[in-house]
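K.L.:
coords below, sequence missing:
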């Protein structure tokens, strides 16, 4: 059977007839036992040797092939009485309901028959689904009287899983089968049965196929005890009851006893197919665990489809917790030694590397750069043991494959779920490190969306040269600095990288030569030949990283968006000018090399290539870290402290706003308020109150802000874009502000009031969730409660949003996965249908574009201007 | 009162290609005409300009990314 490749062109579904089942069966199964005392399978038992072999070495009694090659053969059980197949109970009920019990015709009039026949045939001709028409027939054919023989039709109901009841009488399976047999072949199509592959009566089982032993292998425990598969257990039950039923029937037992046994047989066959059918108590193992029968093997997340066919476990992969390492390159990943000695890379032995491979084998499987397996040219895989390694080295020659340990410089795939975009799987270079976690550079956290609060990641080792080469040129981290989402960098500095760079390059930041030397050494930046003297500005140090021909101008994150830009004279040092690779003015912050917005990084990738960009990012982050360590950086609530006078001003401002709200409410009650266009009076009031309170909070924030300076570390973080925002700080220092639920002030709770502390219908600021305190001062109990309401809504929203957007993305990906851009720029699907005659209508690859545009003319002009000025 | 839909600002410019023009386009794109995007013959614009099944329409429309974009559609039964 090996080596035959065939392509499936069509799959036809049908029912197995009793004859089919007997024909494919190699033996009739009678004995409800498996093995005898000596451990040999019993003939005509459930482990009959003709059903196939599993143990290698034995030969199959049916096909003669060895264990492993024999795929197994079906047997059969003759059921003493027919039994309904659970999977078809619903269909049987529908068919019985729409056919006549006496003449067996469909309950459709002659004209309807002609009408539906035409409809069905045209659908079949076009290979379209007929389910909607069949459903319609099932409803039309629910008649009280047969249009063919005028027989009165009694209501047929289905009782939960498998009982079919006519009026008050429960039909036996034999009766059901008789009725189904009565249906004529010409009517099959109308009840949804394809006469070519099925007959309705085949939905009632008279013979039960017994799957081969390969489907239900038994396990031998260490104690020598045999443990049978759940399916085997179920088949034993079926055989036992079947045997008893047969004996009782032959002995002429009373009808009642026979019916009871019949019912029991039905139960066992039902649970054999589906042990989770509603209304049927699940069959249990002796330990009380429900049995895993046929349907359970396929169904659900742990079923055959979702866990074995759509998704599989793979070899040469590893998973562990991740932790940060600022000293490795963005291209690298730190792999624990333990993992490196387990997962391997296959290496073809040639005359050039044979000595090296011998060394690996000599090191053995336990020490690090060793080897675990050797594959001989005859494909035999030999495990390397310390005892056998000498012998293996003897025999090693070109043509062998050595599965050596992972070592520094190997390319691996690194992944974090959920894999939402292509940057969720990138190729890294291995760096074998001690301890037990994967180590990654902090700059690659944004694309993976990783943090270190216990996140785990997966690593896969490439097994072929082609895959390695492909990954190295397409999937390496440095090739993904620019995101195809918005045409800017997605990999870049975060948190302290930003604060550090700001501390380094801000106005008045000067370093002694000794400090400079230390920082440069730590960041792997070659010390410039040209001596600078004893004092360096931070800008001069940072300029060492920039390519010499770089010219650019941009506004930094710290830009306060003044009405009139002073450009080079900016007092915040937010106007960044780089002339011939020298940082002339401006401080380095998030807009320079931060993830998602780094302009300098963006320019370096686009103009100097990914290698340069990687070097820049590695050095710049290290420089920033060494600078922040030199200067010291810390934050606490003391950073949000404001003087007494500021607190008084905020207090005054807020009480003014609150009294303004009271005025508005009074105006509303006295009908003096004028409604805004398109709004009711109440809505107008609500909007005005929101506006007043919103302004009050912003103003209070501004007051607090005016006392914050750039010597404040929390403020540095907020303004440079390293972490946090000004809003966060003012909420801590000045006023938290209005809490909202469903986009408005809080109204829910008791009838017409939020809490029993207020009067009914009270509309004031305090009563609807305005938090007047600051986080630092502390919230009073009522404020705390409203804050919790608003906070809860936020949490619920994020939970719902992730679920919804996840499903939306799944549908979008399924719809777009087959589209591809052709060499000429057209977008086609897998059938060759043109979707767009030019990709994106402009043919631009967003990852290579300038933030989505072909080119940013203004920026280019600015650059030229700087360049020409610098040239002079 | 019937409006001229061709003058509506949301309706892009549709023109019927002659046989030679159509062949040129197909050759340029290196495709069969069945691979083109389709437009139904009962589409209001198709009826208005009187295109027949198997005609190829040239549609010139505004584009966010490219300013102006030309695409083609095959009229279908």
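P.N.:
That came through, no problem. All figures in this text were calculated on a predicted structure; none of them were measured in a lab.
K.L.:
Isn't residue B:53 up against residue B:75?
P.N.:
Yes: counting by CB atoms under 8 Å, residue B:75 is a contact partner of residue B:53 at 5.3 Å. Where you see a C-beta, it was placed from the backbone N, CA and C, and this is true even at glycine.
K.L.:
neighbour count winner among those two?
P.N.:
Between residue B:53 and residue B:75, counted using other CB atoms under 10 Å in any protein chain shown, residue B:75 has the larger neighbour count: 19 against 11.
K.L.:
okay, that one: pLDDT?
P.N.:
pLDDT, residue B:75: 92.
K.L.:
next one: residue A:854
P.N.:
Per-residue confidence (pLDDT) for residue A:854: 77.
K.L.:
Now do the strands in chain B.
P.N.:
Along chain B, counting by DSSP state E, strands occupy B:13-16, B:38-40, B:56-63, B:67-76.
K.L.:
just so I know, which of the ones you listed lies nearest residue A:692?
P.N.:
With respect to residue A:692, and counting by CB to CB, the nearest of the strands of chain B is strand B:56-63 at 43.2 Å.
K.L.:
returning to what we had before: dump the strands of chain B to JSON lines, plus distance to residue A:646.
P.N.:
As requested, the strands of chain B are arranged in JSON lines below (distance: least, CB to CB, whole Å):
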{"stretch": "strand B:13-16", "distance to residue A:646": "63"}
{"stretch": "strand B:38-40", "distance to residue A:646": "67"}
{"stretch": "strand B:56-63", "distance to residue A:646": "53"}
{"stretch": "strand B:67-76", "distance to residue A:646": "53"}
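K.L.:
closest one to residue A:351 among the ones you listed?
P.N.:
Shortest separation from residue A:351 across those is recorded for strand B:67-76, at 58.9 Å, computed as CB to CB.
K.L.:
how big is the angle separating the closest one from strand B:56-63?
P.N.:
150 degrees (axes from the mean of the first three to the mean of the last three CA atoms, to 10 degrees).
K.L.:
Next, the buried residues of strand B:67-76.
P.N.:
B:69, B:70, B:71, B:72, B:73, B:74, B:75 (16 or more other CB atoms under 10 Å in any protein chain shown).
K.L.:
which one is the second one nearest to, not counting chain neighbours?
P.N.:
Yep, that's residue B:70 we're talking about. residue B:60 (5.3 Å; CB to CB, 6 or more residues apart in numbering or on different chains).
K.L.:
That neighbour is in contact with residue B:68, isn't it?
P.N.:
Yes: with contact defined as CB under 8 Å, residue B:60 and residue B:68 form a contacting pair (6.5 Å).
K.L.:
distance between the lengthiest helix in chain A and the chain's centre?
P.N.:
For chain A, the helix with the greatest residue count under DSSP state H is helix A:781-816. Distance, stretch centre to chain centre, for helix A:781-816: 17 Å (CA atoms, centre = their mean, to the nearest Å).
K.L.:
Check stretch A:343-358 too.
P.N.:
When distances are taken as CA atoms, centre = their mean, stretch A:343-358 is centred 37 Å away from the chain's centroid.
K.L.:
Repeat that for stretch A:293-308.
P.N.:
For stretch A:293-308, the gap between its own C-alpha mean and the chain's C-alpha mean amounts to 20 Å (CA atoms, centre = their mean).
K.L.:
tell me the mean pLDDT for it?
P.N.:
Looking at stretch A:293-308 alone, the average pLDDT works out to 87.
K.L.:
got it, and stretch A:798-817?
P.N.:
Across stretch A:798-817, the average pLDDT comes to 88.
K.L.:
touching chain B at all, it?
P.N.:
No: among the residues of stretch A:798-817, none lie within reach of chain B under CB under 8 Å from any CB of the partner chain; the closest is 15.8 Å away.
K.L.:
Return the residues of chain B in contact with chain A.
P.N.:
Remark: the part of chain B in contact with chain A comprises B:29-31, B:35-37, B:63-66, B:69-72, using CB under 8 Å from any CB.
K.L.:
For the residues you listed, which two are the farthest from each other?
P.N.:
Set against one another by CB to CB, the residues of chain B next to chain A have their most distant pair in B:30 and B:64, with a gap of 26.9 Å.
K.L.:
what residue lies at the spatial centre of chain B?
P.N.:
With distances taken as CA atoms, centre = their mean, residue B:57 lies nearest the centre of chain B, 2.7 Å away.
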